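coords please:
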Amino acid sequence: MYSVDYSSNFIRQTMSITDFKTLSDLKGHMAIERSNLLNMMKLSIKVLIQSAVSLGRMVESDYPPLQQFFVVMEHCLKHGLKAKKTFIGQSKSFFGPLELVEKLCPEASAIASSVRDLPELRTAVGRGRAWLHLALMQKKLADYMKVLVDRKDLLSEFYDPGALMLEEEGAVIVGHLVGLNVIDANLCLKGEDLDSQVGVIDFSLYLKDSQSSDSGNLDEEMTAVLDQKNYVEELNRHLSCTVADLQGKMDLLEKVNSKLMFELASANDRIRSLHKEQEELKEENIAIRKSSERKVEVTKQDTIVELETYKQSRQSLDEMYNEVWKQLKEEKKLRLDMEKELELQVGMKQEMEIAMKLLEKDIHEKQDTLVALRQQLDEVKAINLQMSHKLQNSETLIQQKTETVSSLEEKTKHMILEMKQMEERLQQSEKARKAEEVKDKTMKQELTSKIEVLEQQLGHLDKHCASVENELKSEKEQRQRLQQELEQEREMSAQLKAQLQQLPGLQQELQKLQAEKKRLQLRCEEQEQTLQEMGLHLSQSKLKMEDIKEVNKVLKGSAWLKDDEAANCKQCEKEFSISRRKHHCRNCGDIFCNNCSSNELPLPSYPKPVRVCDTCHTLLLQRCTPAS
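The predicted model follows:
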């Protein structure tokens, strides 16, 4: 019975750490320990597989080779482990690195939760041993250790430089652990004291006679063949599952692409119809603008002519009024003179009784002139009354005109409010279209709804344009009537001047509307650019689909070479042996050695990077570079 403590006899050599004086000596010592541990792990795995195959591949927890395997695995995980400071003192536990597997691989969360729920385990060492037992029973110990070894940046927090898990020996051990998938482990964790077990290596299991070596070689070859067969079967199952998943994804992608193409075509048709409607609206706006400019020029000319006629009529009326006023003054003077003469005649009645007879004739004649003068006064009063009536009528007409002008101003305000509403709707449509760029799926539904809303708005605009044209026609008739009335009413010139002062404001509003039209044109162009970008994305997705189809064809066409058919490496043509193992390329299916297939790349049939030969590695890289 050659059982020796690992810490005293096998791994740690006769030299102690105090004998190393330089850093190079320490590195050499760590390298020796790593090589010893690697050899010990190879022996333990080999013995375990050989003995398990002879027993029917069913192993229980009390099986000695299995116990020795867990002891060696524990020493490998403890190599170079950093000591953590606690209240009790410094402690080394390899369960800390194993807990990282739960974060890196979600499938390992069940193992970690079940280990924590075990009431018998009180120490971190016991939990780590239970974790190793459960991982071996699930046949995923190699996968979990590979995930752990690949993340050396996280392992550096738990291990010192030069530790086995941080060097190449760790990857080699992970490769050997794949062979343990052949074994069916039936381990019971209840009732076992995993916290207090002592890790001692029993070397008697690995010391055999020379006579048993020949029979062992045959068993080794048989176990290797069975292992490779089981490994190939598992790979074939995995490949069939991935191919079926890829085919389902291809079908879904083709359906989605057909739907996207149909929706793109409908969206392009709607955009073209919107462009046509927009051009029609532009032409209508230009025609309305030209007609409004012509009307403004006509009104300007009419107001100038009316002002001149009003000035001329006003001058003639002023002259007539002055002449009538002068005649009234003269008649008043004559009346005063006549009264004075009558008073003189009454005073001189007695003295001029004789002359009365002569004067009676003169008096009758003067009375006739007075009657004529009174008639003239009555006529002047009638003329004044007529002028006052005309002034009242003109005032009423002026009020009516002011009311019409106010109604026109209200209509212009309504037009401005409607234009502002259109601006707000356009801003809302811009926001919705920006949101559509972020959300491609919802963009299609929102585009259809917005296009319907825009069509309704365009219909409202058409109705509004028709109503505006009717109002313009009615305004033309009213302006003709106003022109006829303005010939009689000269006092409207002041209000027309006020309207002329408002014309620059209307021109500014027209300029604002033109600027808004330009903004709308720019927004439409931006939307066209976004749709073109969507078309480019769709074309790129089509190209990716074609690449995936080609890869699937290659996968279906490539034959998985059997282990018996290959005795030499396809690239370097070296013979395979126990040290030079066979490795399948996951892309072409041929068998290579480790040196010729050390590259890893993600393939369409594998979600993670897998082993690929050198030729396939260069071909896949060349294919990826032009696609990028």
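
distance of the most centrally placed residue in the chain relative to Leu260?
The residue lying closest to the centre of the chain (C-alpha atoms, centre = their mean) is Val438, at 2.1 Å. In this structure, Val438 and Leu260 are 17 Å apart, going by C-beta to C-beta, to the nearest Å. Heads up, the C-betas are built off the backbone N, CA and C, glycines and all.

can you check Lys497 too?
Lys497 is 64 Å from Leu260, by C-beta to C-beta.

same drill for these two, tell me which one is more crowded.
Leu260 (19 against 11; other C-beta atoms under 10 Å).

which other helices and strands contact the helix or strand where the more buried one lies?
In the assignment (DSSP states H and E), Leu260 maps to helix 211-347. Helices and strands touching helix 211-347, by 3 or more C-beta pairs under 8 Å, 6 or more residues apart in numbering; DSSP states H and E, are helix 23-54, helix 353-438, helix 440-488, helix 493-557.

quick one: buried residues of the shortest one?
Along helix 23-54, these residues count as buried under the neighbour rule (16 or more other C-beta atoms under 10 Å): 29-30, 33-34, 36-38, 40-41, 43-53.

of all the helices and strands packed on helix 211-347, which lies closest to Cys588?
Ranking those by proximity to Cys588 (C-beta to C-beta) places helix 493-557 first, at 8.5 Å.

for that closest one, name the packing helices and strands.
helix 211-347, helix 353-438, helix 614-627.

and Asp227, how many residues sit next to it?
Neighbour number of Asp227 under other C-beta under 10 Å is 19.

show the contacting residues for it.
Ile49, Gly179, Val182 (C-beta atoms under 8 Å, 6 or more residues apart in numbering).

could you redo the last one with a cut-off of 7 Å?
Contact partners of Asp227, counting by C-beta atoms under 7 Å, 6 or more residues apart in numbering, are Gly179, Val182.

let's have the chain start at 11 instead
With the count now opening at 11, the last piece we talked about shows up as Asp237.

pLDDT below threshold where in the stretch 61-210 of the chain?
Filtered on pLDDT under 70, the stretch 61-210 of the chain yields the residue ranges 67, 94-102, 200-203, 205-210.

now the helices: where do they sit in it?
Along the stretch 61-210 of the chain, the segments classed as helices by DSSP state H, counting those that start in this stretch run 74-88, 105-114, 119-127, 134-147, 151-160, 162-165, 178-187.

buried set for the third one?
Taking 16+ other C-beta under 10 Å as the neighbour-count basis, helix 119-127 is seen to contain the buried residues Ile121, Ala122, Val125.

and the angle for that helix with helix 134-147?
140 degrees (axes from the mean of the first three to the mean of the last three C-alpha atoms, to 10 degrees).

and the first one, by the same measure?
Here helix 74-88 runs at 120 degrees with respect to helix 134-147, directions being taken by the same axes, to 10 degrees.

packing partners of helix 74-88?
The elements that helix 74-88 packs onto, with contact taken as 3 or more C-beta pairs under 7 Å, 6 or more residues apart in numbering; DSSP states H and E, are helix 33-64, helix 134-147, strand 210-212.
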